[in-house]
Every structure is written in C-alpha cells, then in structure tokens.
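K.L.:
next one to model:
(one chain, ligands or ions: 1)
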Amino acid sequence: MPDALVRDLFDGPLDVVGDIHGELDALKNLLHQLGYSEDGVHPEKRRLVFVGDLTDRGPDSPGVVALIQSFVETGAAQCVLGNHDLNILLGDRKHDNHWFFGEEFALDGSDIPTPAVIADESIRDRVIQFFQTLPLALERHDLRVIHACWDDEMIEVARRSNDAVALHQEHAKRITTAQSQQPDIDTIQKGLEFQNRNPVKVLTSGKEQRAAKPFEASGKLRYQERVSWWHEYNAEPYCVFGHYSMYRGLDRGASRAICADYAVAKRWQERKHHSFDGDFKGMLAAIRFPEKVVVFDNGDTEVSSIQD
Ligand SMILES: [Mn+2]
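P.N.:
Just a heads-up that it's a prediction; the model follows:
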C-alpha cells in the first residue's frame, strides 16, 4: 500500500529548492553553492526538499528528474508533486511538455525548436514511475512544503488518499456531474469550480477567482486570476511553496509563507533575447531552514522575508 499524499517532512536542517523546469545546469550550480556533493550529500547533514515542477521549458527535463530521483531514492531528498509533473502523470499534452511526448517544439511559435532533451520510451517510463511516488504535501511541526497552495480543507482530503491521479479524476468527475444538473452555470464559474473544488488542483496550482476584467496572459484572454492565498496564511508552521514564478526583488510572500520559485523557467526566453549578456534575471534558489536565508544558483544570498 503506497503512502498517503501528505507525509512527514525530514527533520533537521533543510534546503527547500524552488521550481527547476528542466534547468539542469542551474540545479547543479545551486547544489554546489549550498555545499552538496554530486550525490546530494551535505557534510553538515543538511537535506534537500524540492517543491515540484521539475520539468518543461528548460533544456534538460530528463536530466533533472534523473538527478532528483537518485537523491530521493538514497534518502538525500524529498520532493512534492507540481502541476507540470501532474500533467505528465495525467498524460495531458501542454504547450511546454512536448519533450515528454517525444516531439521537438518551438515555445515562441517560431520555426526553431526550443532546445530540449527529448524523451524516449525508457525515459517516459522512469519519469512516470518516479512521479507516481511523489506526495502532494510535506509537513513537520515548524514547516510545511507544498507546490502551489496550502489549504487546510484540501490537505485533509489528500491525507485520505495515496493516488494523486485517482483523486484528481474522482473530483473532476464529481464536479462534472454536479454541473450537469445546473444548466444556467456560466463558463467562468464552471472553470473556477474545476480549479477550486478539486483538492489536487488546489494543492498543485492554487485557487483562482473571477478577474475584475479580462486580461491577457501567454497570448490568451483570461477571465480567472490567481488568488494570493499567502497574504491570509497565518498558521504557526512556516510554509514554503513554488509555482508563482516571481523574479528576485518582487514581493513574494507574507510573514509565514514564502515562494521559492524565482522564475528560472523564464531562462529559455532570456537566452533568445538579442541583448542577453549571460546574466539571467530568472534564478533558481533554495530557502534554508532554520536560517531562513535564500541562496541563489549564482552564489548570491539574502535574508528571506519570513520572520520569527
Ligand atoms: Mn507550478
């Protein structure tokens, strides 16, 4: 019987690493800056925790998964499931997970494929097998780790399941059935219910709300916007999450919850820009506990915004 989707977080000092999105070099550089050996072992017995979204957009998603899988299997790391990882488990083809389905693809719509290691059958099998072992949330008395949104009600549902795909499908089906009995429900409301009433969606991609007015994102007109849940988060344990792809310097949390995703996923775009000088704006970072210091893949450090 597999373990439940909410599990105990490692004890001791930790380095919680943000979304990696296939940026293998950034990951290797960050591990070096944090003082880990190539097999993920730290001389001061620190351990690694990954907030999920290991793949897509960057140049080497299979390499990132293989490395983190090796750490998890030796007990050097823990990792939670992100929405990109979930999409792969669900077999959902998205504009940025072409590599998994064996196809080259240009993320910018041009004729030149975005550089990416393409999966073959054996890579696909290994990635799926590894993602199937991942929990949705990790917790200990002083710290919680989640990909997108810590929501107590949805966490309780996830505690009673050990299969993220089955839990996702069960709730999606339940929402579809309920909506079929409400002929007057509008399209935006339908979309919001699929997002906000499915525990797997809430935990891996956060809550959404109706936007005051439609806005454009990734070339599409959107009517739903993300809820900044961390402003209302005031539980005793700190919470580290990823997902929201915020550049360094932006407001990225409240006093007890902080986003570890420093937008390394935007590097594929930065590399293409004519004025790119090798200095990335999107970074990979880890938040250290109990120090609450942020360490970046280029060696920079800063004090985090969360407080005692
Ligand atoms: Mn995400």
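K.L.:
how far away is Val72 from Gln78?
P.N.:
Distance of Val72 to Gln78, computed by CB to CB, to the nearest Å: 7 Å. C-beta: built from backbone N, CA, C; applies to glycine.
K.L.:
same drill for these two, tell me which one is more crowded.
P.N.:
A count of neighbours by other CB atoms under 10 Å puts Gln78 above the other of Val72 and Gln78, at 22 against 18.
K.L.:
where do the contact lists of Val72 and Gln78 overlap?
P.N.:
Common contact partners of Val72 and Gln78 (CB atoms under 8 Å, 6 or more residues apart in numbering): none.
K.L.:
chain neighbours aside, what residue packs nearest to the residue in the chain that the ion sits nearest to?
P.N.:
Going by CB to the ion, the ion is nearest to His243 of the chain, at 3.7 Å. Excluding the flanking residues, the one nearest His243 by CB to CB, 6 or more residues apart in numbering is Ala148, at 4.1 Å.
K.L.:
what's the helix or strand for that neighbour?
P.N.:
Using DSSP states H and E, Ala148 sits in no helix or strand.
K.L.:
what's the answer for Arg210, then?
P.N.:
Applying DSSP H and E as the criterion places Arg210 in strand 208-217.
K.L.:
flag every buried residue along that strand.
P.N.:
The neighbour-count check on strand 208-217 (16 or more other CB atoms under 10 Å) flags Glu208 as buried.
K.L.:
again with stretch 265-275
P.N.:
Buried positions in stretch 265-275, judged by neighbour count with 16+ other CB under 10 Å: Ala265, Lys266, Arg267, Trp268, Glu270.
K.L.:
so the residue nearest to His243 is in contact with Ser205, correct?
P.N.:
Yes: under the criterion of CB atoms under 8 Å, Ala148 makes contact with Ser205 at 5.0 Å.
K.L.:
overlap in contacts of these two?
P.N.:
With CB under 8 Å, 6+ apart as the test, Ala148 and Ser205 both reach Asn83, His243.
K.L.:
can you point out the buried residues in stretch 49-66?
P.N.:
Within stretch 49-66, the residues that qualify as buried are 49-66, counting by 16+ other CB under 10 Å.
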